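> From the sequence below, what's the structure:
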Amino acid sequence: DLANKMEAEGGGGESLPVSAALGAKDEWVKLNIGGKIFLTTKTTLCKEKKGFLARLCQNDPDLPSLKDEGGAYLVDRDPRYFPPILNYLRHGKLIVDGGVAEEGILEEAEFYNLPVLIQLLKERLVLRVVEGSGHKSVYRVLHCQEGELTQMLSTLSDGWKMAQLVNIGSQYSYSSEDQSEFLVVVSRDFDERPLSSVSKPTDKEMALKQHGSRM
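Residues are numbered from 1 along each chain as shown. Prediction:
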């Protein structure tokens, strides 16, 4: 039977414990994403504990699921955008191959309920827009919850001002406890004055600089 076969195929002159072999077999998961099969592990899918994929492989009773004839979970999503999602869960990095639109990956990240990846993608998309606007400015992206927004804007100083406000909430609601979160793009004019136009430091400024260098 299967247990005896696994024990016999342990290799190296030592039999593989049946429990270990069965455990290793149960760790692997097949996903049928829009007709394309992906093979991964439960450990990978469960990196985001509240994510759709973690709930799927843990047989969450509140998330009905079906399997195909090969035992793969059926998920009706576009398979073109799934590799970046899966690789992000594997190593925590966003890697996008040429020809794959980040907007499509963002849509899938929202469906699979991956908040950190959603934030990362929206930051990249926002910066791509503002940096391509032609304005010679320095941009930063800040993250805050709805209750922190007013205080954050009131503390902007040194020439920083809000350039764009992006709600990073998802259209896919998985919990009634979800809070509104925002990306705040702030900008400051970029100083391109030539060195000759910059005023020379005063004697006091020079003295302070020299004093600081001795500390």
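
> host element of residue 37?
With elements taken from DSSP states H and E, the one containing residue 37 is strand 36-41.

> Give the next helix or strand downstream of that strand.
As assigned by DSSP H and E, the chain's next helix or strand after strand 36-41 is helix 42-45.

> what packs against that following helix?
helix 18-27, strand 28-33, helix 52-57, helix 82-91 (3 or more C-beta pairs under 8 Å, 6 or more residues apart in numbering; DSSP states H and E). Backbone N, C-alpha and C define where each C-beta goes, glycine included.

> what's in contact with it?
For helix 42-45, the external contacting residues (C-beta atoms under 8 Å, 6 or more residues apart in numbering) are 26-29, 51, 53-54, 56-58, 86, 89-90.

> Alpha carbons only: can I get it in PDB?
Extracted in PDB, the C-alpha atoms of helix 42-45 (Å, rounded to 0.1, in the frame of the first residue of the first chain):
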ATOM      1  CA  LYS A  42       0.900  25.100   2.900                       C
ATOM      2  CA  THR A  43       3.800  26.900   4.600                       C
ATOM      3  CA  THR A  44       4.100  29.300   1.700                       C
ATOM      4  CA  LEU A  45       0.300  29.900   1.400                       C
END
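
> circling back to that earlier point, comparing the helices and strands packed on helix 42-45, which comes out most buried?
When the helices and strands packed on helix 42-45 are scored by mean count of other C-beta atoms under 10 Å, the highest mean neighbour count falls to helix 52-57 (a mean of 21).

> what's stretch 112-122 in contact with?
Contact partners of stretch 112-122, identified using C-beta under 8 Å, 6+ apart, comprise 48, 50-53, 85, 88-89, 94, 102, 105-106, 109-110, 143, 166, 168, 170, 172, 174, 181, 183.

> Tell me the buried residues within those.
48, 51-53, 85, 88-89, 94, 102, 105-106, 109-110, 166, 168, 170, 174, 181, 183 (16 or more other C-beta atoms under 10 Å).

> partners of residue 30 in the sheet?
For residue 30, the beta-bridge partners are residue 39 (DSSP bridges).

> returning to that earlier point: got the contact list for the strand holding residue 37?
27, 28, 29, 30, 31, 70, 72, 79, 82, 86, 89, 90.

> one step back: what's the closest of the contacts of helix 42-45 to residue 152?
When these are ranked by distance to residue 152 (C-beta to C-beta), residue 51 comes first, at 27.8 Å.
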